[in-house]
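A.B. asks: prediction below, plus the sequence it came from.
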Amino acid sequence: MNSQKIAVITDTGTDTPAAFAREHDVRIVPLRINFSDGSTFESGVTITPEQLIERMATEVPSTSLPSPATIRREFDRAHDDGYVAAIFVSISSGLSATCDTVRMVADQLDDFPVVVVDSKSIGVGAGLVVMEAVRMVEEGITLQHIGAMLELVTRKNSVFFSVKSLEYLRKGGRISAAVYRLGSALNIKPVITCNEEGTYVVARKARGWERSIDTQISLVEEQARKYDKVRVAICCSSACDMFDELEERVLAQVDNAVEVIRSGISADLLVHTGPEIVGICIQGV
């Protein structure tokens, strides 16, 4: 119960599970997807992941952050709906300028306090930070304390993902030409993670898709040993539906998991990863 009337707002790059967002009134600002013909779509609003994948067969578009006007409208709408303050959890500032833009807009608000939290992560890894923000609000933790507490949460998050093709990460400038060439030549499927600055780095290399998935699970198991209890999130694109298999394998190897969450992958993230992606996030609790 959100008795404090603090809105929790995020962007589509966090892949906050849709059912959770609906149940807890998490407001979501869409990133934009731009095609060469001049058409622009709002992720999850005017284009779905499935529609994007279909169009990517002929063109790989670009993405852009939400406009300041769009962000301001979301704050105004929350205010009009009776909220008196907000927490905005953004996709990593190391991967998008969304966080900085949100801060700029928030600084212009006179009567609506906003705490902006850089998740330092992406996809459902950032979504777990959003979910923790909701829990804190509903438990009655005050706005002035939530920001610092969420910063600690981000440090207990680790996200790992694998893609079948490195082409999209290379086109978006997310991996180096050297990593792309090596991966393509030797069938190396690196497991990608976010470092402390929230930018992409290679966590570990694996040869072949199946080995890459095995490596993800091994990395999750290693992280789980650092905590008494962990929360795990699994994300898969529609082209790589491995939810049941991954959950079974994770639970078999991570005996201190208190919850397993499932999430899809937003259209804006698929632009940079391609249609075939699988990821696992682990959070110490």
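C.D. replies: Arrived safely, thanks for sending.
A.B. asks: could you use CA atoms for every contact and neighbour count after this?
C.D. replies: Fine.
A.B. asks: low-confidence regions, the chain specifically.
C.D. replies: Along the chain, segments meeting pLDDT under 70 span 1, 172-175.
A.B. asks: just want the most central residue of this structure.
C.D. replies: G123 (1.8 Å; C-alpha atoms, centre = their mean).
A.B. asks: report the contact partners of that one.
C.D. replies: G13, T14, D15, T16, I91, I265, S266, L269 (C-alpha atoms under 8 Å, 6 or more residues apart in numbering).
A.B. asks: three-state assignment of the last one?
C.D. replies: In this case it means L269. Assigned by DSSP: H, G, I helix; E, B strand; the rest coil, the conformation of L269 is helix.
A.B. asks: and D244, how many neighbours?
C.D. replies: If you count neighbours by other C-alpha atoms under 10 Å, D244 ends up with 10.
A.B. asks: so it belongs to a strand, correct?
C.D. replies: No. Secondary structure of D244 (three-state DSSP): helix, not part of a strand.
A.B. asks: what about it, distance to D15?
C.D. replies: Distance, D244 to D15, by C-alpha to C-alpha, to the nearest Å: 19 Å.
A.B. asks: contact partners for the closest residue to the residue nearest to the centre of the chain other than its chain neighbours?
C.D. replies: Nearest residue to G123, sequence neighbours excluded (C-alpha to C-alpha, 6 or more residues apart in numbering): T14, at 4.3 Å. T14 sits next to S90, I91, S121, I122, G123, V124, G125, A126, G127, V130 when contact means C-alpha under 8 Å, 6+ apart.
A.B. asks: nearest to I277 among the residues you listed?
C.D. replies: Nearest to I277 among the contacts of T14, counting by C-alpha to C-alpha, is G123 at 11.4 Å.
A.B. asks: distance check, the closest one against A177.
C.D. replies: Applying C-alpha to C-alpha, the value for G123 to A177 is 24 Å.
A.B. asks: again, but for S96
C.D. replies: Counting by C-alpha to C-alpha, the separation of S96 from A177 is 20 Å.
A.B. asks: between those two, which is the more surrounded one?
C.D. replies: Between S96 and A177, counted using other C-alpha under 10 Å, S96 has the larger neighbour count: 19 against 12.
A.B. asks: residues touching that one, list them.
C.D. replies: L65.
A.B. asks: grab the nearest non-local neighbour of N34.
C.D. replies: Leaving aside its sequence neighbours, N34 sits nearest to T40 (C-alpha to C-alpha, 6+ apart; 4.5 Å).
A.B. asks: isn't that neighbour right up against T46?
C.D. replies: No. Assessed by C-alpha atoms under 8 Å, T40 is found out of contact with T46, at 9.0 Å.
A.B. asks: who's more crowded, those two?
C.D. replies: Taking other C-alpha under 10 Å, T40 and T46 do not tie; T40 has more neighbours (17 against 12).
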